[in-house]
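Q: Show me the folded form of this:
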Amino acid sequence: MSLPPVLAELVTYFEPLSTLRRDFRGAVTLHTPGVNVFASNATFVPDADLARLPPAAAWHRARGVPALMAAVVPLPGEEVASLRVGTYHPTPEPGVIVVEQVSRLGLPVWATLLTGAHGTPEWAGALSRHLAPRLEGDRHFTLLMAYAGGEPVGALLRRESKGEGAAHLWGTLDPAADAPLLNTAHALGSTLRVSLPSGSPLQVVDEQTVFFTLLEEHASAANEGNCMQRKMGHSPSFAPQPRRSEDEA
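A: Take a look at the predicted model:
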């Protein structure tokens, strides 16, 4: 059994940003130690078959990370995020937000902004160091930053694949920057697939919901030991991993 198209789309976007991919019984796991992005540390399951969950949970448990599942249906456990994935069309905006493409040299600032937008600024250094070698020389990815009055307020990572753009990792400090940031990402190509938080006023076409769930046996432990905030502001945000030391990261 293969993944539903919307989950396969997320895997395609996040796999190049992840450390490891594992395929098992129709499910796909992305694993990225030392980086706290939800979709880079989750098992994507094709359906609601509960028999798939124990082996996936055991794999996560053996590596000391929470059993985070992504599915198009709710699963038993603690839902930590639900995202609306679909095709984005430009939205009118007042034009006071400036969006610019930045070079790979700007990655540390970009990562600081992105993690800050998601309430996890302590992960900026680890995220920047992890992404640097993966983005180096890869022309499929484009870094964008949004500015208000000269101050950075938004960050987005756009990926081009087979003529279609995707923006599933992004965040803003000011909701007023959401539309300008996505509008600019759309302008770089003919189409743009995005992930929106469930409460976003923005709209997408052909919308499908993706649920990120901590399996029940891991939910309480993650809540007790988690040094991270699970602030869901925008796209697949930051996962409940224990914070690693700078030496480990």
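Q: C-alpha from now on. contacts and neighbour counts both.
A: Will do.
Q: Can you get me a residue count around residue 15?
A: 17 (other C-alpha atoms under 10 Å).
Q: what separates it from residue 39, distance-wise?
A: Per C-alpha to C-alpha, to the nearest Å, residue 15 is found 9 Å from residue 39.
Q: now swap in residue 168 and tell me
A: Distance, residue 168 to residue 39, by C-alpha to C-alpha: 9 Å.
Q: shared neighbours of residue 15 and residue 39, which are they?
A: residue 30 (C-alpha atoms under 8 Å, 6 or more residues apart in numbering).
Q: what's the model's confidence in stretch 202-221, averaged?
A: What stretch 202-221 shows for mean pLDDT is 83.
Q: what's that stretch in contact with?
A: Residues from elsewhere that reach stretch 202-221 (C-alpha under 8 Å, 6+ apart): 6-7, 57, 66-89, 91, 179, 194, 196.
Q: Out of the residues you listed, which sit inside strands?
A: Secondary structure assignment by DSSP state E places 68-71, 77-87, 194, 196 of the contacts of stretch 202-221 in strands.
Q: Could I have the ChimeraX command that selects the buried members from those residues?
A: Buried members of the ones in strands among the contacts of stretch 202-221, defined by 16 or more other C-alpha atoms under 10 Å, are picked up in ChimeraX with:
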select :68,69,70,71,77,78,79,80,81,82,83,84,85,86,87,194,196
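Q: which secondary element of the chain has the worst mean pLDDT?
A: In the chain, no helix or strand scores lower on mean pLDDT, DSSP states H and E than helix 216-225, which sits at a mean of 46.
Q: so how far is residue 149 from the spatially closest residue to residue 90 that is not a sequence neighbour?
A: Residue nearest to residue 90 in three dimensions, not counting chain neighbours: residue 183, with 5.0 Å by C-alpha to C-alpha, 6 or more residues apart in numbering. Computed with C-alpha to C-alpha, the distance linking residue 183 and residue 149 is 19 Å.
Q: The two - which one has more neighbours?
A: Per other C-alpha under 10 Å, whichever of residue 183 and residue 149 has more neighbours is residue 183, with 19 against 9.
Q: who are the neighbours in contact with that one?
A: Taking C-alpha under 8 Å, 6+ apart as the contact definition, residue 183 lies against 89-91.
Q: Then residue 180?
A: So residue 180 contacts 91, 93, 95, 97-99, 146 (C-alpha under 8 Å, 6+ apart).
Q: Quick check: buried residues in the host helix or strand of residue 211?
A: If you go by DSSP states H and E, residue 211 is part of strand 205-215. Neighbour-count burial for strand 205-215 flags 207, 209-215 (criterion: 16+ other C-alpha under 10 Å).
Q: How about stretch 89-106?
A: 89-90, 97-99, 101, 104.
Q: Repeat that for stretch 32-52.
A: 32-47, 52.
Q: In strands only, show me those residues.
A: 43-44.
Q: Any chance of TSV for the contacts of residue 183, columns distance to residue 174?
A: Output for the contacts of residue 183, formatted as TSV (distance: C-alpha to C-alpha, whole Å):
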residue	distance to residue 174
89	20
90	18
91	16
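Q: and residue 24, bridged to which residues?
A: Per DSSP bridges, residues listed as beta-bridge partners of residue 24: residue 27.
Q: Start the count at 59 instead of 1 going forward.
A: Taking 59 as the first residue, the last one we looked at is residue 82.
Q: what pLDDT does it get?
A: Here the pLDDT value assigned to residue 82 is 92.
Q: Same check on residue 292?
A: 45.
Q: how far out from the middle of the chain is the strand holding residue 269?
A: Relative to the chain's own centre, strand 263-273 is displaced by 12 Å; criterion: C-alpha atoms, centre = their mean, to the nearest Å.
Q: So what are the sheet partners of it and their directions?
A: Strand 263-273 sits in its sheet next to strand 126-129 (antiparallel), strand 135-145 (antiparallel), going by DSSP bridges.
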